[in-house]
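1. everything below, folded, please.
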Amino acid sequence: MKDNIFEVIQDNALYAKKRDHKIDITDVAINKIPRVQFKGFSDMENDILYQLSVLVLWTSLNENNSNEVAITCALDSDKPLEGIGVAYGDEHEVDVCSDTASYHLLVSGSKCVVILHNHPSVQTLSLEDVKFFLHFESIRMIVVVTNQGNIHYLCKDDEYIYENAKDLFNECVEELDENSTEKEIYTAALTFLARASEVGLYYR
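-> Residues are numbered from 1 along each chain as shown. Okay, the predicted model is just below:
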């Protein structure tokens with residue numbers, strides 16, 4: 001994992017052109033998923049998050065043709081792994097709220113909901129990912145597991161203030177319109193992620 005956030009953004013920008021290129025999941029990719037020490041999470045929570053990261057790619061490979069799958073989990077519940085929600089999408093997106101269990105977790109009053117989903121491309125979080133993450137107060141972290149087994153995530157720190165994050169998001173998208181290209185939209189997402197720390201968000 002790179003230490004310099006701008007190196008991460010620069011590297012991810014190289015992959016923007018692969019937006020429409022799905023990479024099929026392999027057992028090698030699943031086995032290479034790292035055990036990440038997610039910022040602000042306990043060892044037990046990190047172990048759960050690793051299991052869910054593996055489950056995302058396994059489910060996508062075996063049940064959804066390597067397309068997007070989203071797993072929603074409330075880490076502050078008594079038995080987090082027994083109450084997860086799973087939503088199935090296509091090559092480019094997944095609607096988390098289409099799954100009843102996932103939606104229930106989002107509106108249940110939990111303050112530690114995490115969403116893990118795969119990207120068939122090798123991109124990091126999309127603009128829609130960021131927008132969804134900001135919309136729900138309950139979501140503490142959103143994780144992308146690429147189909148090659150790499151992990152990117154965005155989480156809320158103690159300094160996070162929704163209004164500040166919303167203002168930054170609006171600033172990043174103010175020049176976009178219905179004619180904007182995929183590259184321009186993805187660049188807006190990368191700009192937000194590069195500046196996330198300004199509004200109490202942590203991105204890696």
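
2. contacts only, for the nearest residue to residue 60 once chain neighbours are set aside.
-> In space, residue 60 comes closest to residue 69 once its chain neighbours are excluded; the distance is 4.4 Å by Cβ to Cβ, 6 or more residues apart in numbering. No exception for glycine: its C-beta is placed from N, CA and C like everyone else's. Counting by Cβ atoms under 8 Å, 6 or more residues apart in numbering, residue 69 touches 56, 59, 60, 63, 86, 87, 88, 89, 94, 117, 118.

3. which of the residues you listed fall within helices?
-> 56, 59, 60, 63 (DSSP state H).

4. thinking again about what came up before, ok, and the most crowded of the contacts of residue 69?
-> residue 118 (29 neighbours; other Cβ atoms under 10 Å).

5. pretty sure it is touching residue 145, no?
-> Yes. Using Cβ atoms under 8 Å, residue 118 is in contact with residue 145, at 4.9 Å.

6. could you tell me which residues touch both of those two?
-> In contact with both residue 118 and residue 145: 56, 57, using Cβ under 8 Å, 6+ apart.

7. what's the spacing between residue 49 and residue 147?
-> Using Cβ to Cβ, to the nearest Å, we find residue 49 at a distance of 18 Å from residue 147.

8. the residue nearest to residue 41 when sequence neighbours are not counted: what secondary structure?
-> Nearest non-adjacent residue to residue 41, counting by Cβ to Cβ, 6+ apart: residue 49, 6.8 Å away. Under DSSP: H, G, I helix; E, B strand; the rest coil, residue 49 falls in the helix class.
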